[in-house]
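Student: Structure, please.
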Amino acid sequence: MKLFDLHCDTIERMEEKGENMLTDKTQLSLKYLPQIEKWCQTFAIFIPDSKRGAAAVEYYERVRAYFHKMLREHSDIVEMVNTPSDIEKITAKKKCAAILSVEGAAVLDGKLENVEKLAKDGVKMMTLTWNGENELASGNKNPEMGFTDFGREAVKEMEKQNIIVDVSHLNDKSMEQLMGGIATKPIIATHSNLRSICSHKRNLTEEMFKYIVDHKGLVGLNLLHAFVSDEEMKDSKAELFRHVYRMLELGGEDVIACGSDFDGGIESQMDNPAKFASFGDYMLENGISRRIVDKIMFENALHFFEENVR
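Tutor: Coordinates of the predicted model:
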């Protein structure tokens, strides 16, 4: 089965542990490459809420340097995606196509010109917030904070520089403002599920999901237990399938994608990329057509990148 995964925190874990991309000490490892038919993986540089200003920039640069070090050391099995056409070219060589993203726009240090700098670094997506506040908006730690003036300008500049706006972690007030006119291009929720199935505030309301459907965005299925089920999770595939089924009922056939959140603390029966890829087989066994399964596991994300990234 193919896998196009929109989010993991693995590169930070590898840098912290001094591990390479074939390690067995992280959930995501390229040792699983032979078990996956075609694999495109987004590597997010996660900016903790404890990092702001120059500290956030320094942290980003350190982890980015490690990412490129890993690309050089494993050039036989992984290459970086610079343009959407690279995805098919790289995967055709049986390599992992690696997309660079950022989780947490504190990396901008409150400076609009840094958006262009990220674009030149090859960053294709940026999650606007993590759980706390930054110069743009806030996650759920402050549900009353909406977009700042800088945040509104930063979204415009991201759209100008072809960095996709990722709304996972954004609080409800800011999301409503974004849907109300701040965003003019399609948006992504790289690692978010449905709140109607699992009540965690990090999940999307059905109204938010339908906005993303109507505006031809993407929503990546998150494997973290807290976002999959309110109950003790005995069968992670069955629980995640509930989200897929409802998303399809809401018109999400062209929107549903994968957003594992590997190495972000997931506890799941699907705790590595090969197991996540096998979720495609589970969907087939439970009545989802091959055409739709292929869309969810790979084609929707590929099509989005071909349409929206330059």
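
Student: Next, the contact list for Gln192, please.
Tutor: Check again: residue 192 is Ser, not Gln. Val167, Ser168, Arg202, Asn203, Leu204, Val219, Gly220, Asn222, Phe227, Gly259 (C-beta atoms under 8 Å, 6 or more residues apart in numbering). Using the backbone N, CA and C atoms, a C-beta is placed for each residue, glycine as well.

Student: Now it: closest residue in space, sequence neighbours ignored.
Tutor: Leaving aside its chain neighbours, Ser192 sits nearest to Ser168 (4.7 Å; criterion: C-beta to C-beta, 6 or more residues apart in numbering).

Student: wouldn't the one you found be in contact with Arg202 here?
Tutor: Yes - assessed by C-beta atoms under 8 Å, Ser168 is found in contact with Arg202 at 7.3 Å.

Student: okay, the two: which has more neighbours?
Tutor: Neighbours were counted for Ser168 and for Arg202 using other C-beta atoms under 10 Å; Ser168 has more, 28 against 21.

Student: what's that one in contact with, if anything?
Tutor: Residues touching Ser168, when contacts are defined by C-beta under 8 Å, 6+ apart, comprise His7, Thr127, Ile188, Ala189, Thr190, His191, Ser192, Arg202, Gly220, Asn222, Gly259.

Student: Wait, a strand at it?
Tutor: No - assessed with DSSP: H, G, I helix; E, B strand; the rest coil, Ser168 is coil; it does not lie in a strand.

Student: From Glu116, how far out is it?
Tutor: Applying C-beta to C-beta, to the nearest Å, the value for Ser168 to Glu116 is 23 Å.

Student: which stretches of the stretch 151-300 of the chain have low pLDDT?
Tutor: For the stretch 151-300 of the chain, no stretch is flagged by pLDDT under 70.

Student: Can you list the buried residues in the longest helix anywhere in the chain?
Tutor: For the chain, the helix with the greatest residue count under DSSP state H is helix 54-73. Within helix 54-73, the residues that qualify as buried are Ala56, Val57, Tyr59, Tyr60, Val63, Arg64, Tyr66, Phe67, Met70, Leu71, counting by 16 or more other C-beta atoms under 10 Å.

Student: what do you get for stretch 20-33?
Tutor: So, applying 16+ other C-beta under 10 Å, buried residues of stretch 20-33: Met21, Thr23, Thr26, Gln27, Leu28, Ser29, Leu30, Tyr32, Leu33.

Student: from those, which single one is nearest Tyr211?
Tutor: Of all the buried residues of stretch 20-33, Tyr211 sits closest to Leu28, with 29.7 Å by C-beta to C-beta.

Student: mind checking pLDDT for that closest one?
Tutor: Turning to Leu28, the model gives it a pLDDT of 98.

Student: So it: helix, strand or coil?
Tutor: Under three-state DSSP, Leu28 falls in the coil class.

Student: Number the residues from 5 up from this point.
Tutor: Yes, from this point I'll number from 5; that puts the last item at Leu32.

Student: which residues touch it?
Tutor: Per C-beta under 8 Å, 6+ apart, neighbours of Leu32: Cys12, Thr14, Gln45, Ser264, Phe266, Asp267, Asn276, Pro277.

Student: And Asp275, how far from Thr30?
Tutor: Distance, Asp275 to Thr30, by C-beta to C-beta: 11 Å.

Student: cool, and Ala69?
Tutor: Using C-beta to C-beta, we find Ala69 at a distance of 18 Å from Thr30.

Student: Glu310 now?
Tutor: As defined by C-beta to C-beta, Glu310 lies at a distance of 29 Å from Thr30.

Student: Check Gly268 too.
Tutor: When C-beta to C-beta is applied, the distance between Gly268 and Thr30 equals 11 Å.
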